[in-house]
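Undergrad: pasting a predicted model and its sequence here:
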There are 2 protein chains.
Amino acid sequence: MSLIVQKYGGTSMGSIERIRNVAARAAKWHRAGHQVVIVPSAMSGETNRLLDLAQQISEHASRRELDMIASTGEQVSVGLLAIALQSIGVDAISFTGWQVPVRTDNAYGKARIESIEDARVRAELDAGRVVIVTGFQGVDTGGNITTLGRGGSDTSAVAVAAALGADECQIFTDVDGVYTTDPRVVADARRLARITFEEMLEMASLGSKVLQSRSVEFAGKYQVRTRVLSSLTPPDIPVEEEARSGTLITIEEDDNMEKAVVSGIAFSRNAAKITVMNVPDRPGIAFQILGPIAAANIEVDVIIQNQSVGGMTDFSFTVPHTEFKRALDILEREVRGPLGTGDIVGDPDICKVSAVGIGMSSHAGVASTMFGALYEEGINIQMISTSEIKISVVIADKYMELAVRALHKAFGLEQEKTA
Amino acid sequence: MSLIVQKYGGTSMGSIERIRNVAARAAKWHRAGHQVVIVPSAMSGETNRLLDLAQQISEHASRRELDMIASTGEQVSVGLLAIALQSIGVDAISFTGWQVPVRTDNAYGKARIESIEDARVRAELDAGRVVIVTGFQGVDTGGNITTLGRGGSDTSAVAVAAALGADECQIFTDVDGVYTTDPRVVADARRLARITFEEMLEMASLGSKVLQSRSVEFAGKYQVRTRVLSSLTPPDIPVEEEARSGTLITIEEDDNMEKAVVSGIAFSRNAAKITVMNVPDRPGIAFQILGPIAAANIEVDVIIQNQSVGGMTDFSFTVPHTEFKRALDILEREVRGPLGTGDIVGDPDICKVSAVGIGMSSHAGVASTMFGALYEEGINIQMISTSEIKISVVIADKYMELAVRALHKAFGLEQEKTA
């Protein structure tokens, strides 16, 4: 017998029929002798409906009250799912975040989980029940309801799994696992049987929408064996088959680990590049340029500063496409004159393409393979940024699909014909 | 400065616009220097929508899970109302039943309030905030969410007022007070400025829909000065005017108390009468007849047993119209043969009309005035039942409006022309 935590997203909970499917799938695991904890999201559209009501009253609503309102979506979900399980003969009980309790800080709307008490959930599991816990929410030390922010249910599930020492956290989604890249861009993208936490984290932060970044951080930190798998398969597929499906995110690097140097190609578009030219190369200059940008709440992604030539350097960074004009205005007003820089130039239509892989740092050839593949397609690289497990390039947005396909092929990531 | 608890029903909370009106009305009291606690219901239709979702999954849903689901309606209401108050510059904070906490027994779906802790609410009031507390719900000693059953928000408001020692509990409804009878039946029905708890209780249990019976019991038991008033007046009518409006439910019998013997005429229709004839008059017979009826969960209202003649008696009682056939079947099967009674006869279309008044028991003339008025209209009385403060008669359903109008006139309850 093992203890399994299953997370189901809003789409999986989107109708009475789908809730019945979730119940059937969980019941199958329960009947196979496993202890099962379920963390469902709110029914799809419900959180938006609730926040829209609040928005209609005031656009500056208190975050505490927004959490009070938004948390009800998950509360309805857990109750309905408990009833669905009971109706097929499975003893089940639901808990809200404060009932467990899931303790968080008091950063309403984006709270962080601090601890989860396991006694109450464990007692119900030991009594033979399936336990259903609200995702996305917790309670602060003042007894106020908090929410973790969008996508927080993934994090809730992983955190509950960590607190219970679960054998596996299964994240059911509308894709059947993590792919070498987005199959909508590269038709022969391949599903990965395994991926490390670090790689998954890079994939998530680089634009892969499969898992929320914070949940992957959490899974890595507490070493929660996490599996991404499909909620679209028939709920009655055999447990043994489902247990091997999807993509396992793990720290294990055993013999079965795939040995590919590069695991996948991630990408994000709708970015813009800005370059401040002829910047005096002195300490604190990066802070002086990016300070006003941060103060305006504009997110900065890639940052590059070239080596100084004659005491002057060029300083480049990327911002979201929608913030391009605003960022330029701020720089012209607050940076150019005061710092005595040269022209401020930019490109509003760039994208970032990244090769991700845990084995990369020990393989010098990865960068040259990457740059060579882009060169062969005639794609100009505008910026390069590297880390232990990824190389990112910034290129013109229009070349994005072409670059992803070229890199996918260059690193041999395509579907094995015989698989 | 006084402490006011205001309760608003689902219709008053039925739209964003109406929620704004509730906020404006409460803000007016707050700005006039009063401490204000608000107990709103769920937005109209919301509780039904939630229970319908559960019903679609299973018609035998666990009551615990139904409470988990249904309680979210009020939780959304309190959050929205807090935001509405904040948006007009009034500091406000919302609490769920478990946050206060409102402690109840664990009779899910019909829980009874056992105690309310006042510290948290009082601290927020003392900090100058309007406090909004969910109606209809509480938490049991196991930390499970409970609901009080339909209409429970009235009871919540009165209980919160009792716990805080509030100066007044204001129940805002879609009528402007308690009337001598239903104005839809008697055009010149008169609004009562005051009514005692006992009279209100009889009015409520006899069919007046203004207040839920349990809330009146609670108000009487804890002597909470309770006022029924209109939520349909403009929210900005002066506080002094609103403070005198509606109907005050009170124990005070001071000089200003209206001295009428009969305060109002209540009625309930859709009932049926059943008579078991020639019942052997021996101890336990009432239990033996009504036991099977109670076991089938059929509510019994008026019960009459005539004096025995020759060791045999007739036993009559009323049941809801919809249960008439089922009750007859049960009696034929389980009572007639086993007890050796005579025929079982009935009338599926009767109603009950009652005269209610605290001064009645000391006025023998009330009964004869009542019977005389009905006689003059040619209305046959089928059953009579009396208590300290009411006389009820059971008559043919078709005479109901006629009887109510005749009694209203006979007791001189009509609107004063000069008022």
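TA: Nice, thanks for sending it over.
Undergrad: next, count neighbours for residue A:328.
TA: 17 (other CB atoms under 10 Å in any protein chain shown). The way it works is simple: take the backbone N, C-alpha and C, and place the C-beta from them, glycine included.
Undergrad: so what's it up against?
TA: Residues counted as contacts of residue A:328 (CB atoms under 8 Å, 6 or more residues apart in numbering or on different chains) are A:274, A:344, A:346.
Undergrad: ChimeraX command to pick out the buried ones of these?
TA: Buried residues among the contacts of residue A:328 (16 or more other CB atoms under 10 Å in any protein chain shown), as a ChimeraX selection:
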select /A:274,344,346
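Undergrad: pretty sure residue A:224 contacts residue A:167?
TA: No: with contacts counted by CB atoms under 8 Å, residue A:224 stays clear of residue A:167, the gap being 9.7 Å.
Undergrad: compare these two (neighbour count), which wins?
TA: residue A:224 (28 against 15).
Undergrad: hang on, that one in a strand?
TA: No: going by DSSP: H, G, I helix; E, B strand; the rest coil, the assignment for residue A:224 is coil, not a strand.
Undergrad: residue of the stretch 251-400 of chain A nearest chain B, please.
TA: Residue of the stretch 251-400 of chain A nearest chain B, by CB to the nearest CB: residue A:297 (22.7 Å).
Undergrad: what is the neighbour count of that residue?
TA: Counted with other CB under 10 Å, the neighbours of residue A:297 add up to 8.
Undergrad: which residues of the stretch 301-419 of chain A score low on pLDDT?
TA: A:361-364, A:415-419 (pLDDT under 70).
Undergrad: all the helices of it, residue numbers only.
TA: A:324-331, A:337-339, A:365-376, A:400-410 (DSSP state H, counting those that start in this stretch).
Undergrad: pick the most buried one from those.
TA: Counting by mean count of other CB atoms under 10 Å in any protein chain shown, helix A:400-410 has the highest mean neighbour count of those, with a mean of 20.
Undergrad: what number of residues lie near the nearest residue to residue A:72 once chain neighbours are set aside?
TA: Of all residues not flanking residue A:72 in the chain, residue B:72 sits nearest, at 3.8 Å (CB to CB, 6 or more residues apart in numbering or on different chains). Using other CB under 10 Å, residue B:72 has 27 neighbouring residues.
Undergrad: repeat that for residue A:42.
TA: Per other CB under 10 Å, the neighbour tally for residue A:42 reads 28.
Undergrad: what does residue A:33 give?
TA: 9.
Undergrad: what about it, distance to chain B?
TA: In this structure, residue A:33 and chain B are 24 Å apart, going by CB to the nearest CB, to the nearest Å.
Undergrad: same check, this time on residue A:93
TA: 7 Å.
Undergrad: again, but for residue A:148
TA: Residue A:148 is 17 Å from chain B, where distance means CB to the nearest CB.
Undergrad: contact partners for that residue?
TA: Residues near residue A:148 by CB under 8 Å, 6+ apart: A:104, A:110, A:111, A:112, A:113, A:136, A:137, A:138, A:155, A:156, A:214.
Undergrad: now the residue lying closest to residue A:261 once chain neighbours are set aside. Its backbone dihedrals?
TA: Take residue A:261 and drop its neighbours on the chain: the residue closest to it by CB to CB, 6+ apart is residue A:359, 4.3 Å away. Per-residue torsions, residue A:359: phi -90, psi 10 (degrees, to the nearest 10).
Undergrad: just checking, residue A:359 touches residue A:198?
TA: No: counting by CB under 8 Å, residue A:359 sits too far from residue A:198 to count as a contact (11.1 Å).
Undergrad: identify the contacts common to the two.
TA: In contact with both residue A:359 and residue A:198: no residue, using CB under 8 Å, 6+ apart.
Undergrad: and the contacts of residue A:328, which of them are in strands?
TA: Those of the contacts of residue A:328 mapping onto strands are A:274, A:344, A:346, per DSSP state E.
Undergrad: return the closest of the residues you listed with respect to residue A:386.
TA: Nearest to residue A:386 out of the ones in strands among the contacts of residue A:328 is residue A:274 (CB to CB; 20.6 Å).
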